[in-house]
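Participant: Need coordinates for the following:
(chains A and B)
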There are 2 protein chains.
Amino acid sequence: MPYFDAASSAPLHPVARQALQASLDEGWADPARLYREGRRARLLLDAAREAAADAVGCRPDELVFTPSGTRALHSGIAGALAGRRRAGSHLVVSAVEHSAVLHAAEGRPVTEVPVDRWGAVSPGVFGEALREDTALACLQSANHEVGTEQPVAEVAERCRAAGVPLLVDAAQSLGWGPVGGDWSLLTASAHKWGGPAGVGLLAVRKGVRFAPQDPADERESGRAPGFENIPAIVAAAASLRAVRDSAETEARRLRELVDRIRTRVPELVPDVEVVGDPVRRLPHLVTFSCLYVDGETVLHELDRAGFSVSSGSSCTSSTLTPSHVLRAMGVLSEGNVRVSLPTGTAEEDVDRFLEVLPGIVAGVRGRLGAPAAGGTSTGSGSLVVDALGKRCPVPVIELAKVIGDVPVGGTVTVLADDEAARLDIPAWCGMRDQEYVGESPAPVGTAYVVRRRG
Amino acid sequence: MPYFDAASSAPLHPVARQALQASLDEGWADPARLYREGRRARLLLDAAREAAADAVGCRPDELVFTPSGTRALHSGIAGALAGRRRAGSHLVVSAVEHSAVLHAAEGRPVTEVPVDRWGAVSPGVFGEALREDTALACLQSANHEVGTEQPVAEVAERCRAAGVPLLVDAAQSLGWGPVGGDWSLLTASAHKWGGPAGVGLLAVRKGVRFAPQDPADERESGRAPGFENIPAIVAAAASLRAVRDSAETEARRLRELVDRIRTRVPELVPDVEVVGDPVRRLPHLVTFSCLYVDGETVLHELDRAGFSVSSGSSCTSSTLTPSHVLRAMGVLSEGNVRVSLPTGTAEEDVDRFLEVLPGIVAGVRGRLGAPAAGGTSTGSGSLVVDALGKRCPVPVIELAKVIGDVPVGGTVTVLADDEAARLDIPAWCGMRDQEYVGESPAPVGTAYVVRRRG
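Facilitator: Sure, this is the predicted structure:
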């Protein structure tokens, strides 16, 4: 039963399990106490901090353990902003940061730096967003949905020149290697590299102004309140070291498997867009979107076939809007599938995924009445398609069905009120080489106009 | 090697260990995902919530898991205050709450309700502190340093009548039983009952206005950001159930052992004050203070003898002021020792503790040159003792040495700058039946005046 969603949470690494079990007996006492149980706990905590700092590339006294990567981001952003209060309160973030960053920035003046079609920021554009009153800049090391690596070192240089601290969210990449460049703060999350849940990292370089915003607490240098979870911290540090030991070999192996998916999926499945940078990317992650299907049904069918993947589509479970990452990239969100391979993924499992995927997509398309590829008959004039009240991918399916009915140069206007149409209709035009004219408000919903090119 | 500091952190309960290990394989995935690994994780989380809510005495949808008891307090207090913003921002707390409560209240208008000599608030006095603009009241179920149970049900009634929500910090008592009374919010910490570190509970009754103050996050009803630590949560819930199953029997047994300490210590060690309520108290916890010794040395000697205990004295490790709890009670802080017995403590270990304690205290007193009990010779006039720059217990030792040198009715003035003297000199007067006249500022430090009675 292949699990292909390591970017959400990786299965517990065997080294993490061993370290956790071994430290349950020694690591339960309060490390602030002076008696032997406390001293033992303190030794474990100190050793874990040394190991984690070594993997991060910082000094042990620059690193604290938090209860999660999310909390590391929340505390890191709040503390860095408060430490730079006198400079201002403006924040610069990429438009594709994790939602924990974007939520932590809410209520403050924020500049979201746009990304290109591959999901990367431009260091120049990022640098231009830095202002006199910018207190903090945040940039992920690599994107969690599409795998694109960000130009962290170049952006860090520009931040350094502007005197603005840069916080790097390294949640997706820390298991693969340290983050290069002259960053000021760094956060990560152990369960992403096969460590246990319950452990995040927050590194704050010496000299970076930092004023913790949680209520006062003497633990973890005052930067992470609450009793330390030492067995989990020990397991996190031990597994980080273990995954790093095999990172180079495993990255090469998984990169080939991901390349296979990147190459074969568009060959096997019509009307697919593989998104994210094909080269500057995480080794284990690939994302693609399929026209004329909804992500939730594809995920459900893949789960039935034994594959656990995730999706940034709007039609999945809890959310009604497409992923802000895909939106910022301006790529198709319809039928979005993210595959992120855990360490040790077998080649056969990837091949079997490639075997079952085409049938699953075709099946969903068939049930939704999606058009066959192409469309050549000509009618006349312009058409209006009423897709109000229809959820994605129906508006795009309706558009595709009728585009052949107008002459070259004629237009199809799609009336839709599903938020995903705003992203998916232009993306469809790009994929099918049709002209996207634009959108305008309609009495109900929005009117999207497409001109037939060929 | 007896560990007598369960109130700091209890050793991992065997049931917690089993549950943790069993759920490492099933509980690592994201419970928000729809694939099978996510569904399994969700099932574990839901079952743990049911079990914990049952033990708390609330509905499952009223309970969220936080990364620690401290975080439960921080989030609970912040959320409840924000939810009642329109009523005001005033907070009522007991003077002996855990420091996490007092720190979370910093920067707000706070009334600290005093406690009696046993450490308990009076429901009447607590009720009178509630104002028109009181947004929240906080009261622990039982004190963490002296074990005294608070009149939660009576205070909850008064809060209810005043329309003020009551948050109960049940960290020390939840393993022994549910908190009675009509409370509005409740917090707890798993590692206090033998669960793993990394799990706190926050219960918010339906109908209580609550506005989470952490950045937005969809996990745990938006009340506890960050990826859920499901194996630890499962272990916490399972061990809570297990300790509850044996709570009645074990409480009876430990209560007798604690009574033995309460009775025997003053018989075996001269000049000792046992503090906290002798009846309305936690079953497993007892605190006493010894004149003429410093807490740190006693702890160190006890550790060498194999006993791990803690202390609220000022002279221990990280802190220079005596415990705010002992201060609020107005009892001696000198040579303070807290014994909190974990589940399963052997009777022989308690007896051995009673065997070694008198020698240890006598040894420390001897090295510090403490006076023998009593003191009868008479001199004349009044004396001034200069104890400036001397750390506790020296100022009290110097006082005790000379009190016999002034006539009955004469005074000794102690000049001291150790903060503990403010507490310990009046407490010494109470214990030795001398009259404490009062204190006044001196050119350096403070002058404490004591009149000899007999």
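Participant: Going along the chain, name the helices of chain A.
Facilitator: With DSSP state H as the definition, chain A shows helices at residue ranges A:14-23, A:36-56, A:69-83, A:99-104, A:123-129, A:152-162, A:230-245, A:247-268, A:295-304, A:324-329, A:347-368, A:394-402, A:421-432.
Participant: possible to save those helices as a markdown table with distance to chain B, mean neighbour count and mean pLDDT?
Facilitator: The C-beta positions use only the backbone N, C-alpha and C, and glycine is treated the same way. Output for these, formatted as a markdown table (distance: least, Cβ to the nearest Cβ, whole Å; neighbours: other Cβ atoms under 10 Å in any protein chain shown; pLDDT from 0 to 100):
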| stretch | distance to chain B | mean neighbour count | mean pLDDT |
| --- | --- | --- | --- |
| helix A:14-23 | 6 | 20 | 96 |
| helix A:36-56 | 6 | 19 | 97 |
| helix A:69-83 | 4 | 26 | 97 |
| helix A:99-104 | 4 | 22 | 94 |
| helix A:123-129 | 21 | 18 | 98 |
| helix A:152-162 | 22 | 19 | 98 |
| helix A:230-245 | 6 | 25 | 98 |
| helix A:247-268 | 18 | 16 | 98 |
| helix A:295-304 | 4 | 21 | 93 |
| helix A:324-329 | 13 | 24 | 93 |
| helix A:347-368 | 13 | 17 | 96 |
| helix A:394-402 | 21 | 23 | 93 |
| helix A:421-432 | 21 | 22 | 92 |
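Participant: what's the closest of these to residue A:113?
Facilitator: Relative to residue A:113, the nearest member of these by Cβ to Cβ is helix A:123-129, separated by 4.9 Å.
Participant: who does the closest one touch, helix- and strand-wise?
Facilitator: Identification of packing neighbours for helix A:123-129 by 3 or more Cβ pairs under 8 Å, 6 or more residues apart in numbering or on different chains; DSSP states H and E yields strand A:90-94, strand A:110-113, strand A:134-140, helix A:152-162.
Participant: can you rerun that using 6 Å?
Facilitator: Applying 3 or more Cβ pairs under 6 Å, 6 or more residues apart in numbering or on different chains; DSSP states H and E, we find helix A:123-129 packed against strand A:110-113, helix A:152-162.
Participant: Run through who's touching that helix.
Facilitator: A:92, A:111, A:113, A:151, A:154, A:155, A:158 (Cβ atoms under 6 Å, 6 or more residues apart in numbering or on different chains).
Participant: Residue numbers of the stretch 101-250 of chain A in contact with chain B?
Facilitator: Proximity of the stretch 101-250 of chain A to chain B, by Cβ under 6 Å from any Cβ of the partner chain, involves residues A:103, A:104, A:197, A:198, A:215, A:216, A:225, A:226, A:227, A:229, A:232.
Participant: Would you point out the most distant pair within these?
Facilitator: Using Cβ to Cβ, those span at most 26.4 Å, a distance reached by A:197 and A:216.
Participant: pLDDT value on the residue of the stretch 101-250 of chain A found nearest chain B, please?
Facilitator: Using Cβ to the nearest Cβ, the closest approach of the stretch 101-250 of chain A to chain B is made by residue A:226 at 3.2 Å. Note on residue A:226: pLDDT of 94.
Participant: show me what contacts residue A:41?
Facilitator: Neighbours of residue A:41 in contact, by Cβ under 6 Å, 6+ apart: A:27, A:29, A:31, A:230.
Participant: now do 8 Å
Facilitator: Neighbour list for residue A:41: A:26, A:27, A:28, A:29, A:30, A:31, A:228, A:230 [criterion: Cβ atoms under 8 Å, 6 or more residues apart in numbering or on different chains].
Participant: And for the third one, nearest residue in space, chain neighbours not counted?
Facilitator: Excluding the flanking residues, the one nearest residue A:28 by Cβ to Cβ, 6 or more residues apart in numbering or on different chains is residue B:12, at 5.1 Å.
Participant: hang on, the one you found packs against residue A:27?
Facilitator: No: counting by Cβ atoms under 8 Å, residue B:12 does not reach residue A:27; the two are 9.2 Å apart.
Participant: who's more crowded, the two?
Facilitator: Legend: neighbour count by other Cβ atoms under 10 Å in any protein chain shown for residue B:12 and residue A:27, higher for residue A:27 (29 against 21).
Participant: What are the phi and psi values at that one?
Facilitator: As for residue A:27, its main-chain torsions (degrees, to the nearest 10) stand at phi -110, psi 20.
Participant: Mind pulling up the pLDDT for it?
Facilitator: pLDDT, residue A:27: 93.
Participant: Could you do the one 3 residues further on as well?
Facilitator: Per-residue pLDDT puts residue A:30 at 95.
Participant: Give me the nearest residue to it, chain neighbours excluded.
Facilitator: That would be residue B:8: by Cβ to Cβ, 6+ apart, it lies 4.4 Å from residue A:30.
Participant: repeat for residue A:220
Facilitator: Leaving aside its chain neighbours, residue A:220 sits nearest to residue A:64 (4.1 Å; criterion: Cβ to Cβ, 6+ apart).
Participant: Over to residue A:198?
Facilitator: Residue nearest to residue A:198 in three dimensions, not counting chain neighbours: residue B:229, with 3.7 Å by Cβ to Cβ, 6+ apart.
Participant: Residue A:170 versus the residue positioned nearest the centre of chain A, what's the distance?
Facilitator: Residue closest to the average C-alpha location in chain A (Cα atoms, centre = their mean): residue A:144, at 2.0 Å. In this view, residue A:144 and residue A:170 are 11 Å apart by Cβ to Cβ, to the nearest Å.
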